[in-house]
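J.: no letters, just coordinates:
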């Protein structure tokens, strides 16, 4: 796994909770990666800060997913989505349309999921989460049991992130 080291002057902002690391905040990257891969994120002094998606095509160079030294895999995505679904079921009542998952506020940068009646609409607004789309779709099917899942990409974001604009049923 590649490692991203931040410049000294900005790493405190990240340490306080901001999930985005901009291109001008990266001091160096050690190791090989492809855009959309998971990377470790470290302060300039090599203190671990978290893990996130990297994308050299984006101004948002790294989107942090966790501040723990934990594995990012299908179970990670399942837990985050389950948590959001549980929260919505507790507080969202008497409606047939609501936002199931809202990107950074639910812990997966770039993932937006809306439910309309028995259908789900999903946006993958970061290349990293787009690479995990099959796992995300599997979890959504398991938890929400929709009649269908429609991918509706935000074309402006897709262009900036280098994400295919493959709108349609999944």
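T.: Sure, I can see it. All figures in this text were calculated on a predicted structure; none of them were measured in a lab.
J.: enumerate the positions of stretch 27-44 that are buried.
T.: Across stretch 27-44, burial judged by 16 or more other Cβ atoms under 10 Å covers 29, 33, 35-43. Just so you know, the C-beta spots here come from the backbone N, C-alpha and C atoms, and that holds for glycine as well.
J.: for that stretch, the averaged confidence score.
T.: Stretch 27-44 shows a mean pLDDT of 97 in the predicted model.
J.: heads up, I number from 45, so please use that
T.: All set: I'll call the first residue 45, so the last point we hit is now stretch 71-88.
J.: follow-up on the earlier one: I'd like the buried residues of stretch 71-88 written out as CSV, with secondary structure added.
T.: Conversion of those to CSV gives the following (DSSP: H, G, I helix; E, B strand; the rest coil):
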residue, secondary structure
73, strand
77, coil
79, coil
80, coil
81, coil
82, strand
83, strand
84, strand
85, strand
86, strand
87, coil
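J.: and which of these is nearest to residue 54?
T.: Closest approach between these and residue 54, by Cβ to Cβ: residue 87, at 9.8 Å.
J.: how about residue 120, nearest residue that isn't a chain neighbour?
T.: Sequence neighbours aside, residue 114 is the residue nearest to residue 120 in space, at 6.9 Å (criterion: Cβ to Cβ, 6 or more residues apart in numbering).
J.: could you measure from that neighbour over to residue 84?
T.: As defined by Cβ to Cβ, to the nearest Å, residue 114 lies at a distance of 11 Å from residue 84.
J.: which residues are common contacts for those two?
T.: Counting by Cβ atoms under 8 Å, 6 or more residues apart in numbering, the common neighbours of residue 114 and residue 84 are residue 95.
J.: residue 133 falls within a helix, correct?
T.: Yes - secondary structure assignment places residue 133 in a helix (three-state DSSP).
J.: next one: it from residue 187, what distance?
T.: Look at residue 133 and residue 187: by Cβ to Cβ, they are 10 Å apart.
J.: which phi and psi values does residue 194 adopt?
T.: When quoted as degrees, to the nearest 10, the phi and psi of residue 194 stand at phi -110, psi 130.
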